[in-house]
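Asks: Here is a sequence together with a model predicted from it:
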Amino acid sequence: MIIQSHKGPYHVHMNAGLPAELAAGKGRFLIDRNVAALHADRLAAPLASGRVVLIDATEENKSIEAMPATIDRLMATGVKRDHVLVAVGGGIVQDITCFLAANMFRGMDWVFAPTTLLAQCDSCIGSKSSINAGGAKNLLGTFTPPRQVFIDPGYLDTLDQREIRSGVGEMLKVHAIAGPDHFARIAAAFDALFTDRAVLARFIRRSLEVKQGYIERDEFDRGIRNIFNYGHTTGHAIEAATHFGIPHGIAVAMGMDLANHIARRSGVAPEAVFRSMHGTLRRAYAGYEELEVPLEDFFAAAAKDKKNRSGDQIAFILPDAQANIVKHPLAVTDSLRAAVAEFFAEERKN
């Protein structure tokens with residue numbers, strides 16, 4: 001795949017490992033510490049190069065406060081402006097590397113080897129990255145695409161089931177955005193996503209192809225790309241209200257189901273739209289349907305969503321009458337509160 005961006009085209013190589021010349025030449029590697037341990041053979045050349053910074057993939061390390069220490073470790077590898085930063089890991093390592101590439105020496109090239117399903121099917125393209133600052137999540141960021149992405153399915157072999165399910169949640173989101181027929185196809189293959197790597201690979205690629213069509217039209221997320229927040233306004237609020245007691249992609253699946261429920265209770269979409277997706281989404285967040293989500297904490301978190309433009313409205317992304325995903329801000333009324341309370345108390349459990 002070739003993705004067009006404001007910095008020129010970049011390539012996504014499917015079923016591909018990192019080129020040997022990166023370890024032999026100008027590559028400077030930022031590698032998730034757990035990935036380095038689990039895939040020492042796959043990463044033998046980079047790890048032997050002596051030009052590696054191992055990253056503990058925590059939110060604390062993905063912060064502006066942690067950047068000076070990471071920069072010091074990078075400088076110790078002899079990094080120069082014409083070198084290439086190589087991120088090997090999931091979204092946290094991606095965000096750290098992208099931020100450094102955008103800012104060190106006024107800009108460096110970087111490449112990405114995503115090792116989580118969520119990163120392989122979604123975040124590896126799109127240019128966006130964010131880091132935390134002063135206790136605020138994802139406050140600082142940049143639009144700096146990688147020069148190349150290398151998607152190696154071998155990394156998925158060591159993911160636990162929660163991480164696979166988290167990636168599947170994001171894939172369901174992308175296919176819902178693509179349209180009802182696309183969602184029906186991934187729903188029909190739901191079980192095979194966990195047992196058949198060929199099926200999973202096919203839907204990873206299709207997820208990226210769908211996203212490509214939006215990010216090339218709206219790279220800076222000012223318009224149509226906003227609908228990729230489907231399941232996220234609600235999902236992020238669920239994560240925050242539960243103190244991150246649910247993995248991100250699984251929260252997104254629950255957030256999609258809640259968004260669909262809000263749409264039907266608000267008259268934006270009919271009952272049939274909710275029912276057409278509920279069964280699959282319910283399976284995607286199975287095991288978390290009893291997780292307590294305090295209502296006031298949920299609305300407090302949703303009110304802070306960065307897509308909000310009005311102080312008294314939340315910028316929900318909802319399905320319409322034809323199950324097309326659209327931006328639909330709603331005021332926080334008693335009826336909206338009742339709909340959300342109903343979902344957490346009843347609908348997500350049925």
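Replies: Structure received.
Asks: who touches the longest strand along the chain?
Replies: Across the chain, the strand with the greatest residue count (assigned by DSSP state E) is strand 136-143. By Cβ atoms under 8 Å, 6 or more residues apart in numbering, the residues outside strand 136-143 that reach it are 6, 59, 64, 98-99, 102-103, 127-133, 219-220, 306. Quick note: C-beta positions are derived from backbone N, CA and C, even for glycine.
Asks: mind running it again at 6 Å?
Replies: Residues outside strand 136-143 that contact it (Cβ atoms under 6 Å, 6 or more residues apart in numbering) are 64, 102, 127, 129-131, 133, 220.
Asks: go on, stretch 289-306?
Replies: Surrounding stretch 289-306, the residues in contact under the criterion Cβ under 6 Å, 6+ apart are 233, 237-238, 240-242, 314, 341, 344, 348-349.
Asks: Mind checking which of those residues land in strands?
Replies: Reading strands off the contacts of stretch 289-306 with DSSP E, I get I314.
Asks: For Q322, state which of the contacts of stretch 289-306 is nearest.
Replies: T233 (20.8 Å; Cβ to Cβ).
Asks: quick one: pLDDT of that closest one?
Replies: Listed pLDDT for T233 reads 93.
Asks: gap between it and I262?
Replies: 10 Å (Cβ to Cβ, to the nearest Å).
Asks: try M108
Replies: The value you get for M108 to I262, if Cβ to Cβ is used, is 43 Å.
Asks: so which helix or strand takes in A113?
Replies: strand 109-114 (DSSP states H and E).
Asks: in its sheet, what does that strand sit against?
Replies: Applying DSSP bridges, strand 109-114 is found paired with strand 84-89 (parallel), strand 148-151 (parallel).
Asks: now these in TSV, with distance to L22 and mean neighbour count?
Replies: Formatted as TSV, those follow (distance: least, Cβ to Cβ, whole Å; neighbours: other Cβ atoms under 10 Å):
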stretch	distance to L22	mean neighbour count
strand 84-89	6	26
strand 148-151	10	23
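Asks: Residues touching the helix or strand hosting H13, excluding its own?
Replies: Element membership of H13 [criterion: DSSP H and E] is strand 10-14. Strand 10-14 is touched from outside by 1-3, 145-151, with contacts defined as Cβ under 6 Å, 6+ apart.
Asks: And stretch 25-33, by the same measure?
Replies: The contact list for stretch 25-33, computed with Cβ under 6 Å, 6+ apart, reads 46, 51-57, 77, 79, 83-89, 93, 97.
Asks: what ranges do the helices span in the stretch 201-350 of the chain?
Replies: Ranges of helices within the stretch 201-350 of the chain are 232-241, 248-265, 271-284, 295-302, 334-345, based on DSSP state H, counting those that start in this stretch.
Asks: Return the most buried member of those.
Replies: With neighbours taken as mean count of other Cβ atoms under 10 Å, these reach their highest mean count in helix 248-265, at a mean of 26.
Asks: now for that helix, which elements pack on it?
Replies: If contacts are counted by 3 or more Cβ pairs under 6 Å, 6 or more residues apart in numbering; DSSP states H and E, helix 248-265 sits against helix 161-178, helix 232-241, helix 271-284, strand 317-319, helix 334-345.
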